[in-house]
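S.K.: Need coordinates for the below:
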Amino acid sequence: MTGETRSVLTGGCQCGAIRFALKAAPVKVSICHCRMCQKASGAPFAAFAEIETDDFTWTRGKPASFRSSSIAERDFCAACGTPLSFRRIDGPRIEIMTGSFDRPDRVSPIRQYGTESRLGWVVGIANLPSQTTLQNYGAEKLNGIVSHQHPDHD
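M.R.: Residues are numbered from 1 along each chain as shown. As a prediction, the model looks like this:
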């Protein structure tokens, strides 16, 4: 990606060692509930933005990868462990974990996969009692937290 090409979306890992940019919008954004994605993300499901490889570039660092199956590899930051992507070994696209985008609100899922492994309680998450981070920690404690996370921008 040249300096003249404007990025549509950017993102990276938690520590900032790995950064990426897209020059076109994702082809599709989806959630996968399969057991492999649950384990790879350490979460009840994984959310991915599918991008044409030609529209994607790693702009800082290169991720480590793990061949999670006979057809796919998953990229992650070797320094902080952030899961970053899913790639079919011979595929034309890369699927980036939506939580690694600087603006994850701009990549909304339109489809779900692997629903045979969807945890029963996932469908009711929106109805659970909730609090903001401020409500949970209180102002004094929250103001004393020092984040070592890379900011959501370069």
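S.K.: On the three-state scheme, residue 141 is what?
M.R.: Classification of residue 141 using DSSP: H, G, I helix; E, B strand; the rest coil returns helix.
S.K.: And for it, the neighbour number?
M.R.: Using other CB atoms under 10 Å, residue 141 is surrounded by 10 other residues. For glycine as for every other residue, the C-beta is placed from the backbone atoms N, C-alpha and C.
S.K.: so residue 38, which of the three states?
M.R.: helix.
S.K.: Could you pull up the residues touching it?
M.R.: When contacts are counted by CB atoms under 8 Å, 6 or more residues apart in numbering, residue 38 touches 44, 45, 46, 117.
S.K.: Nearest residue to the middle of this protein?
M.R.: In the chain, the centroid-proximal residue (CA atoms, centre = their mean) is residue 97; its distance is 2.2 Å.
S.K.: Return the per-residue confidence for residue 128.
M.R.: If you check residue 128, the pLDDT there is 95.
S.K.: what about it, distance to residue 50?
M.R.: Going from residue 128 to residue 50 by CB to CB, to the nearest Å gives 29 Å.
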